[in-house]
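Quick one, what's the 3D model for this:
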Amino acid sequence: MGYDLNRLSTEFRDILSKDPGPSGREQMRQVLEKALVDDDFVNTYLGPDNTEPRNILYEDPDMGFCIVAHVHEGAKNSKPHDHGSSWAIYGQAAGTTTMTDWKVTKPRSDDEPAAVEAESVYEMTPGMAKLYDIGDVHSPSRAGPTRLIRIEGENLDNVKRDPFVKA
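Numbers count the residues shown, from 1 in each chain. Got it, this is the predicted structure:
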């Protein structure tokens, strides 16, 4: 049986209701990887007619998590960031994203943002999903078009995030 938005959101809701912590989020990451290799799922939610850079496909009314489609048409480098008080799972559906994980070397102060240094660099290719838990600092880089599904612990449009600077 293939994936659709209803099945994916139901599975996520079931997982989070049993385990809302990091191991539950890891289970969600594994489920997302299964959906990412379902051609019908990818074509339905990230097909050629979907061109929005950020499209919230589903926001759970009780648990708050969101399933978001991201379509990036060209190259882009993002600055190091976290997801504030939330977490996110990035699921690569098309293209390649080079991801850098960062380590905080100097905490934020009242006057200055936190400083970070690169810890690891890796490529996310179609079918891969990665959990960025609360406080994990990372930065994506894309050399060309990419499409992904991102699961957010809550709608990140409403989450305050502090800046980071490279050490």
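
Settle this for me: Ala75 is touching Thr146, isn't it.
No. Using C-beta atoms under 8 Å, Ala75 makes no contact with Thr146, being 9.7 Å away. (Each C-beta comes from the backbone N, C-alpha and C, glycine too.)

Glu11: what secondary structure?
Recorded secondary structure, Glu11: helix (DSSP: H, G, I helix; E, B strand; the rest coil).

Now do the contacts for the closest residue in space to it that isn't next to it in sequence.
Of all residues not flanking Glu11 in the chain, Val31 sits nearest, at 5.2 Å (C-beta to C-beta, 6 or more residues apart in numbering). Counting by C-beta atoms under 8 Å, 6 or more residues apart in numbering, Val31 makes contact with Leu8, Glu11, Phe12, Ile15.

Contacts for stretch 97-104, please.
Residues outside stretch 97-104 that contact it (C-beta under 8 Å, 6+ apart): 80, 90, 114-124, 130, 136-143, 146, 148, 164.

Among those, which are located in strands?
90, 114-124, 130, 137-142, 146, 148, 164 (DSSP state E).

residues near Val104, how many?
Applying other C-beta atoms under 10 Å, we find 17 residues neighbouring Val104.

Taking their axis directions, whatever helix or strand it lives in and strand 137-142 sit at what angle?
In the assignment (DSSP states H and E), Val104 maps to strand 97-106. For strand 97-106 against strand 137-142, the angle by axes from the mean of the first three to the mean of the last three C-alpha atoms, to 10 degrees is 150 degrees.

Could I get the average pLDDT for strand 97-106?
The predicted model gives strand 97-106 an average pLDDT of 97.

Report the strands that pair with that strand, each with its relative direction.
strand 114-124 (antiparallel), strand 137-142 (antiparallel) (DSSP bridges).

pLDDT weak spots in this structure?
The model of the chain has no residue with pLDDT under 70.

gap between the residue most central in space within it and Ala129?
Against the mean C-alpha coordinate of the chain, by C-alpha atoms, centre = their mean, the closest residue is Tyr90 at 2.9 Å. With the distance defined as C-beta to C-beta, to the nearest Å, Tyr90 ends up 7 Å from Ala129.
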